[in-house]
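**Q** fold the following, please.
(one chain, ligands or ions: 1)
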Amino acid sequence: VIGGGDSACEEANFLTRFGSKVYLIHRRDELRASKIMRDRVLANPKIELVWNSALKAINGSKESGVHSITLESTTEKGKETQLEVNAVFIAIGHIPNTHLFKELLRLDENGYVVTEPDSTKTPVPGLFVAGDAQDHVFRQAITAAGSGCMAAMEAERWLESQH
Ligand SMILES: Cc1cc2nc3c(=O)[nH]c(=O)nc-3n(C[C@H](O)[C@H](O)[C@H](O)COP(=O)(O)OP(=O)(O)OC[C@H]3O[C@@H](n4cnc5c(N)ncnc54)[C@H](O)[C@@H]3O)c2cc1C
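**A** The predicted structure is shown next:
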């Protein structure tokens, strides 16, 4: 598994149900994931962490599948290692599914919709944006649900104002 956030940790833990060994490869020397996810990974004897490494190549063929990966050190220039693996899972983040709105709304440089401060309002009357589409900081179920509630209340107020 390539990555160091919650998604990568969750994938790595999940895959230990099926694989005898899971490498979690991260370009830094500490995980960005939340404490609970980090602890789960560190306590899982089937997971081996490979620090300061970035994926350079996936080696194999269509016929035989993946047989190894080439890793590049992020701390020692030019240092490469080969790791024998049967599969590769990339868990390095998400692109918000907001491209539909790029002509209509303001998106930040990562594609998140920019709403008014402390609000789900957008410049388009009656269009409110909630959850992970506009939150690049927390991206949690409870914060998404909270902003969903804000959007519902703001939408209701807007509808009222339209009689
Ligand atoms: C691997 C992983 C682990 C996570 N673990 C946790 C955790 O432990 N605790 C926690 O609090 N949060 C966790 N999260 C985050 C949490 O899942 C999200 O913050 C939350 O689901 C965001 O809710 P949302 O409604 O904004 O977006 P989503 O849940 O992504 O819902 C968006 C919905 O919109 C639909 N959609 C997309 N495009 C269109 C379209 N064009 N037309 C109609 N519908 C469309 C999608 O199908 C989807 O159903 C995790 C996320 C991931 C990926």
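**Q** from memory P96 sits against V114, does it?
**A** No. Using C-beta atoms under 8 Å, P96 is not in contact with V114; the gap is 11.7 Å. All C-beta atoms are positioned from the backbone trio N, CA, C, and that covers glycine.
**Q** quick one: which of the two has more around it?
**A** Set P96 next to V114 and count neighbours by other C-beta atoms under 10 Å: P96 wins out with 19 against 13.
**Q** pLDDT score assigned to that one?
**A** On the pLDDT scale, P96 is placed at 93.
**Q** what do you get for P45?
**A** pLDDT, read off for P45, is 98.
**Q** so it, which of the three states?
**A** coil (DSSP: H, G, I helix; E, B strand; the rest coil).
**Q** and for A54, the neighbour number?
**A** Around A54 there are 14 residues (other C-beta under 10 Å).
**Q** where's it relative to N86, distance?
**A** From A54 over to N86 the distance is 20 Å, taken as C-beta to C-beta, to the nearest Å.
**Q** any idea which element G60 lies in?
**A** Using DSSP states H and E, G60 sits within strand 53-61.
**Q** so what's the gap between that strand and the chain middle?
**A** When distances are taken as C-alpha atoms, centre = their mean, to the nearest Å, strand 53-61 is centred 20 Å away from the chain's centroid.
**Q** what does stretch 42-53 give?
**A** Counting by C-alpha atoms, centre = their mean, stretch 42-53 comes out at 19 Å from the chain centroid.
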